[in-house]
Every structure is written in C-alpha cells, then in structure tokens.
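Enquirer: give the three-dimensional model of this entry:
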Amino acid sequence: MNALGYFLIDKDRNINEGLELVDKTLALNPDNYEYLHCKGWGLYKQSKYQEALDVLQKSRDLRREKAVYNQEAFLHLEAAKKTVANQKRTDR
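Expert: Okay, here's the model as predicted:
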C-alpha cells in the first residue's frame with residue numbers, strides 16, 4: 001500500500017488517494033520511517049509545508065536512529081525546510 005501511495009503522490013497522480021493509503025499503513029506501523037517519509041512528501045505536495053516538515057523530520061530522526069540514509073528523503077526534507085523558511089520571511 002505504501003509503494004502505491006508513494007507512486008500516486010510522487011507522480012502527482014492522486015495525492016489525496018495516496019495519502020489515504022499511507023495513513024492506512026501508518027495505522028499499522030506508526031513509527032515506520034518510510035511510511036512517514038511518504039506522508040510528509042504528500043503533505044508537501046498539498047502545500048501543507050509546516051506539517052510536512054514535522055513529519056519529514058520525524059522520518060529522518062527515525063532513519064538516523066537505525067543508521068539508514070536515503071538521499072531522496074533528505075532532499076524532500078530540505079525542500080520542506082526551505083519552503084517553510086521562505087514562508088516565514090514573507091509573512092513578516
């Protein structure tokens with residue numbers, strides 16, 4: 001389910017449906033860093049940047065605990081950080 005959810009999100013096929021699938025996988029395993037990464041990326045694609053940043057950061061923290069590096073996950077986290085920082089600057 002997570003792989004299909006990620007596909008739907010990443011390829012902009014159906015982000016809402018992708019997030020529904022990811023939420024189902026997270027209900028079974030809420031601390032799975034892959035599932036959290038997928039949810040964070042979906043939230044980012046929905047322009048929910050702060051929420052995306054929080055979820056992507058949690059995914060990265062769990063990944064680091066297990067010493068598992070993923071370049072794509074890192075890039076998604078950095079994109080969320082940059083967008084949130086830019087939003088804060090323009091809100092002033």
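Enquirer: from Gln71, how far off is the closest residue to Gln87 other than its chain neighbours?
Expert: With sequence-adjacent residues excluded and distances taken as Cβ to Cβ, 6 or more residues apart in numbering, Gln87 is closest to Tyr49, at 6.3 Å. Where you see a C-beta, it was placed from the backbone N, CA and C, and this is true even at glycine. Tyr49 sits 21 Å away from Gln71 when distances are taken as Cβ to Cβ, to the nearest Å.
Enquirer: pick out whichever of these two has more residues nearby.
Expert: Higher neighbour count among Tyr49 and Gln71: Tyr49, with 19 against 7, using other Cβ atoms under 10 Å.
Enquirer: isn't that one right next to Asn86, touching?
Expert: No. Between Tyr49 and Asn86 there is no contact under Cβ atoms under 8 Å: 9.0 Å.
Enquirer: do a quick rundown of the strands in this structure.
Expert: Shown for the chain, no strands are assigned by DSSP state E.
Enquirer: show me the helices in this structure, by range?
Expert: Under the criterion DSSP state H, helices of the chain are mapped to 2-10, 15-28, 33-45, 49-65, 71-90.
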